[in-house]
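> A predicted structure for the sequence below; I have some questions about it.
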Amino acid sequence: MNAPRTERAKVIVRGAVQGVGFRPFVYRRATELHLRGWVLNSAQGVVIDVEGAGDTLREFLLQLEKEKPPRAVIQSFECSFLEASGYERFEIRESHDDGGKSVLILPDIAACPDCVAEIFDPGNRRHRYPFTNCTNCGPRFSIIESLPYDRANTSMRKFAMCPECDREYHDPLDRRFHAQPNACPHCGPQLELWDANGAVLSHRDEALLKAAQSIREGRILALKGVGGFQLIVDAGSEPAVMRLRARKRREEKPFALMAPSLALLREDCEVSGPEERLLLSPESPIVLLRRNVKGKRLRISLLVAPGNPYLGVMLPYSPLHHLLLAELGFPVVATSGNLSDEPICIDQDEALERLRGIADFFLVHDRPVVRHMDDSIARVVCGCEQVLRRARGYAPLPVHLKTPLPTILAVGAHVKTSVALSAGADIFISQHIGDLETGAAHAAFRQTAADLPRLYDAAPKAVACDMHPDYLTTRFAAGHPAPSHPVQHHFAHVLACMAENELEPPVLGVAWDGAGFGTDGTVWGGEFLLANGGGFDRVGHLRQFRLPGGDAAVKEPRRSALGVLFEIFGDELWDRDEWLGAFSKQEALLFKQMLEKKINAPLTSSAGRLFDAVAALIGLRQRASFEGQAAMELEFAIDPDVAGAYPFAIRDGVPRVIDWQPMILEMMHDVLRCADIRFISTRFHNTLAEMIVAMARETGEHRIVLTGGCFQNRYLTERAVERLIESGFRPHWHQRIPPNDGGIALGQIIAAASAIRGKIP
């Protein structure tokens, strides 16, 4: 019988974890479970490096949070799984400061159990006070204006503490000792309820109660939360959800939910152990959970996430949310307070203007939000946390490297944008900004790109950006006083995954996404890049095809399908009416001219567009109302009991070409014989995993990183990881940094530092 595979976890625990017996506690638990490694105090908190059998290791990590010493408070629990190091025992090592303490701004932290208990205690002076916080929880990054982190440098400076709050603030034995946002009903921020024109309807607790009543009546409430406005409606009311979709111009894209409690949430969704930990964590992200189809009744309208077996759900994370959800007692939609493709509103006057015609009422308060902060999104992949949108609860925590870097600002790409800044050995990554499709989004990007260096008092020596010449981020970099360093899109993806997993080159990067500007001028997206000490070699890619209409194909998967079929059949395609049913005769003629004359029909190797093509070919989705919709529906159609894969070929050459034509031809045969879509979708995903394994064998590099937006697909990631391990490879994937373009700024900094210093750190 084979021994369990050794796994290793690197954990950084921040909070009240020093001087409370945390290291001896960690030592006892690790030795009891026969784990190996070390624990020490550092400038960042408590650092744990531990390895052992996978199941035992996960049990240990759960114990750290559930059974911590009584006076210890965990504010942030950063965990990444890495390659085993071969430790012989577990030990407490000497503390160190890694060359001096670095400036660290904590993210906004979910309300702690003590504060939640106080707001529901009629005998407590903070009973029903929605801005209760302490040293262990509350707003941080969303209220700080400058360093050091003192009250005078936050948006709380306008609120003078009353004598009782001041006593708490200066008492070392009080948990509000030096809690910068400390406040109470007598001296802190207060609520108001406005109508759609900004007229004040009520104040304080009455405002909250009337806001709750408006939700019960099916109205849309704009609520000013920790990092900006959310739009709230009753998740069980189809008319309310339909009204919100119409006003927000969001036809089918899923809405996020907030549930009153974990117990109620379990009635609507399946919740595993790791998912429960995520939901209850200090980060408190939106967690993607599978609907509980065994429930006798639907508490949540199907219109919240049409055709989607998953729901994105979070639990209340601020005292205001706790009070509102306790008053309601049912799940609500809690979506970003914006129009599609715009950043969320943070100021009530701005919200009154931008959300006019969307919200019926506004629940506002007088604590200013300094920077917008969306809710983060995460899911569990391969038993581990995977962050898909990194904002509240995570930003701006850094990725810590082994060696210092030059000070570099990275500005990301064009969609799911975030920016990053290197300071010493830390790379600080901003909150999610979003797609730069509107003037408001572009303004938010420019503000964040200026905010991060100002906050850390850093003067960038270079600005890293994407190679695409037309991206607004690229133009911003070109206009910056510091020299710009363009970085190939998919190489940045690979470097980001390497940095997160503490990997040195050589590494084979599998970078699959929708699009990225390639070094040969074509659209890349299905790449196999061998990262070496001085850059990368493009050792393989998916076979290219043309996209009629270029970027228009993102919203019309049928165009990708047409490009794939034209690549296979050429001019014979136009005689195959059975595959042209998605087009009118006029459209077919127009696209024929585009493809044959190669006009507005760029070549692409995109895995994302291949997903779209397959979704259209099997009749699943011809047009998409949001990015990635077709690929998501392909994933939803998977039947894990289906085995096998389609054939494919690998063409020799430099780079090698992974030819999907045998797969598409057999898939077309399955469509004509009316095979089950679940059968086709599962075999398609299995084939993609086999392509990855085959290319790993071709290159011979045993360490593989999986990166890019396609690896938001849980089944694809888990299948690829499983098959790579079975085949003797060491796969790595994203956990705390998004696999999509939200993580690309991290890789851009690594690449720019390499160019400046002549090597990859």
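Right, received. Where do you want to start?
> Okay, helices next: where are they in the stretch 101-250 of the chain?
113-119, 163-170, 204-216, 238-248 (DSSP state H, counting those that start in this stretch).
> how about the longest helix belonging to the chain: buried residues?
Assignment by DSSP state H gives helix 677-699 as the longest helix of the chain. Buried residues in helix 677-699, counted by 16 or more other CB atoms under 10 Å: 677, 680-696, 698-699. For every residue, glycine as well, the C-beta is placed using N, CA and C.
> outside of the helix or strand bottoming out on mean pLDDT in the chain, which residues touch it?
Least confident helix or strand, the chain: strand 73-82 with a mean of 82, by mean pLDDT, DSSP states H and E. Residues from elsewhere that reach strand 73-82, judged by CB atoms under 8 Å, 6 or more residues apart in numbering: 7-17, 45, 61, 64-65, 68, 106-107, 109, 112, 135-137, 281-283, 384-385, 397, 500-502, 735-736.
> do stretch 198-217 as well
Contacts for stretch 198-217 (CB under 8 Å, 6+ apart): 128, 130, 185, 190-195, 221, 223, 232-234, 320, 323-324, 327-328, 332, 349, 352, 360-363.
> got it, and stretch 335-349?
Contacts of stretch 335-349 (CB under 8 Å, 6+ apart): 194, 198, 222-224, 227-231, 244, 248-250, 253, 255-256, 351, 354-355, 358-359, 362, 364, 368-372, 374-375, 433-435, 437-438, 440-441, 444.
> before we move on, the earlier item: which of the helices of the stretch 101-250 of the chain comes out lowest on mean pLDDT?
Among those, helix 163-170 has the lowest mean pLDDT, at a mean of 93.
> Any idea how far stretch 109-125 is from the middle of the chain?
29 Å (CA atoms, centre = their mean, to the nearest Å).
> actually stretch 232-240, not the one I typed
On CA atoms, centre = their mean, the centre of stretch 232-240 falls 26 Å from that of its chain.
> quick one on the thing from earlier: can you give me the mean pLDDT across the longest helix of the chain?
Rounded mean pLDDT across helix 677-699 is 98.
> now do stretch 367-387
Per-residue scores along stretch 367-387 average to 96.
> how much space between residue 168 and residue 752?
46 Å (CB to CB, to the nearest Å).
> In terms of neighbours, single out the busier of the two.
Higher neighbour count among residue 168 and residue 752: residue 752, with 29 against 21, using other CB atoms under 10 Å.
> Contacts only, for the more buried one.
408, 410, 462, 464, 485, 487.
> Quick one: buried ones out of these?
408, 410, 462, 464, 485, 487.
> of all those, which comes closest to residue 640?
residue 487 (37.3 Å; CB to CB).
> Tell me the confidence at the closest one?
If you check residue 487, the pLDDT there is 98.
> If we ignore the residues flanking it in sequence, what's nearest it?
residue 751 (4.2 Å; CB to CB, 6 or more residues apart in numbering).
> Could you pull up phi and psi at that neighbour?
phi -70, psi -40 (degrees, to the nearest 10).
> Now do the helix or strand following the least confident helix or strand of the chain, average pLDDT.
Next in sequence after strand 73-82, counting helices and strands by DSSP states H and E, comes strand 90-92. For strand 90-92, mean pLDDT is 90.
> For strand 90-92, list every residue counted as buried.
So strand 90-92, judged by 16+ other CB under 10 Å, has buried residues residue 90.
> now stretch 175-184
175, 176, 179, 180, 181, 182, 183, 184.
> show me the contacts for the closest residue to the fourth one other than its chain neighbours.
Distances taken as CB to CB, 6+ apart put residue 151 closest to residue 180, at 4.6 Å, once the chain neighbours are dropped. Applying CB under 8 Å, 6+ apart, one finds that residue 151 lies in contact with 157, 180, 181.
> I'd say the last one and residue 133 touch.
Yes: at 5.1 Å, residue 181 and residue 133 qualify as touching, with contact defined as CB atoms under 8 Å.
> any shared contact partners between those two?
residue 139.
> how's the chain carved up into domains?
What automatic domain parsing lists as the domains of the chain is 6-92, 215-365, 540-733.
> Just the terminal-to-terminal distance for the shortest one.
Length of domain 6-92, first residue to last, CA to CA, to the nearest Å: 21 Å.
> quick one: that domain to chain centroid distance?
That offset, for domain 6-92, works out to 25 Å (CA atoms, centre = their mean).
> And for stretch 534-543?
26 Å.
> from the buried residues of stretch 175-184, which is closest to residue 608?
residue 181 (42.0 Å).
> quick revisit: how many residues are close by the residue nearest to residue 487?
With other CB under 10 Å as criterion, residue 751 counts 26.
> Pull up the per-residue confidence for it.
So residue 751 comes in at 96 (pLDDT).
> who's in contact with it?
Residue 751 neighbours (CB under 8 Å, 6+ apart): 464, 485, 487, 488, 491, 492, 495, 760.
> Reformat these as TSV; add distance to residue 527 and secondary structure.
As requested, the contacts of residue 751 are arranged in TSV below (distance: CB to CB, whole Å; DSSP: H, G, I helix; E, B strand; the rest coil):
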residue	distance to residue 527	secondary structure
464	19	strand
485	20	strand
487	14	strand
488	9	coil
491	9	helix
492	12	helix
495	13	helix
760	18	coil
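> Can you tell me the closest non-neighbouring residue to residue 420?
Nearest one to residue 420, counting by CB to CB, 6+ apart, is residue 745 at 3.7 Å.
> any idea which element that neighbour lies in?
With DSSP H and E as criterion, residue 745 is part of helix 744-757.
> where's that helix relative to the chain centroid, distance-wise?
For helix 744-757, the distance to the chain centre is 21 Å (CA atoms, centre = their mean).
> same deal with stretch 236-250?
For stretch 236-250, the distance to the chain centre is 25 Å (CA atoms, centre = their mean).
> Any buried residues in it, and which?
Buried residues in stretch 236-250 (16+ other CB under 10 Å): 236, 237, 240, 241, 243, 244, 245, 247, 248, 250.
> contacting residues around it?
Contacts for stretch 236-250 (CB under 8 Å, 6+ apart): 218-220, 231, 233-235, 251, 255, 298-301, 303-304, 330-331, 333, 335, 339-340, 357-358.
> and the residues you listed, which are buried?
Taking 16+ other CB under 10 Å as the criterion, what is buried in the contacts of stretch 236-250 is 219-220, 231, 233-235, 255, 300-301, 303-304, 330-331, 333, 335, 339, 358.
> Return the subset of those residues lying in strands.
Among those, the residues falling in strands (DSSP state E) are 231, 233, 234, 333, 335.
> Adding distance to residue 705, write the buried ones among the contacts of residue 752 out as CSV.
As requested, the buried ones among the contacts of residue 752 are arranged in CSV below (distance: CB to CB, whole Å):
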residue, distance to residue 705
408, 21
410, 19
462, 24
464, 19
485, 22
487, 16
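> what about the helices in the stretch 351-500 of the chain?
439-455, 472-478, 489-500.
> The shortest one: how far from the chain's middle?
Spelled out, it's helix 472-478. Helix 472-478 sits 23 Å away from the centroid of its parent chain (CA atoms, centre = their mean).
> Same question for the longest one.
Average the C-alpha atoms of helix 439-455, do the same for its chain, and the two points are 19 Å apart (CA atoms, centre = their mean).
> Not counting that helix itself, show me its contacts.
In contact with helix 439-455 (CB under 8 Å, 6+ apart) are residues 105, 144, 146-147, 341-343, 354, 371-372, 396, 409, 411, 417-421, 428, 430-431, 433-436, 458-460, 472-473, 476.
> which parts of that helix are buried?
440, 441, 442, 444, 445, 446, 448, 449, 451, 452, 453, 455.
> Now do the same for the residue of the chain most remote from its centre: its pLDDT.
Distance from the C-alpha centroid of the chain, by CA atoms, centre = their mean, peaks at residue 575 (44.5 Å). pLDDT, residue 575: 90.
> now it: how far from residue 592?
For residue 575 relative to residue 592 (CB to CB), the value is 11 Å.
> now swap in residue 472 and tell me
Applying CB to CB to residue 472 and residue 592 gives a distance of 34 Å.
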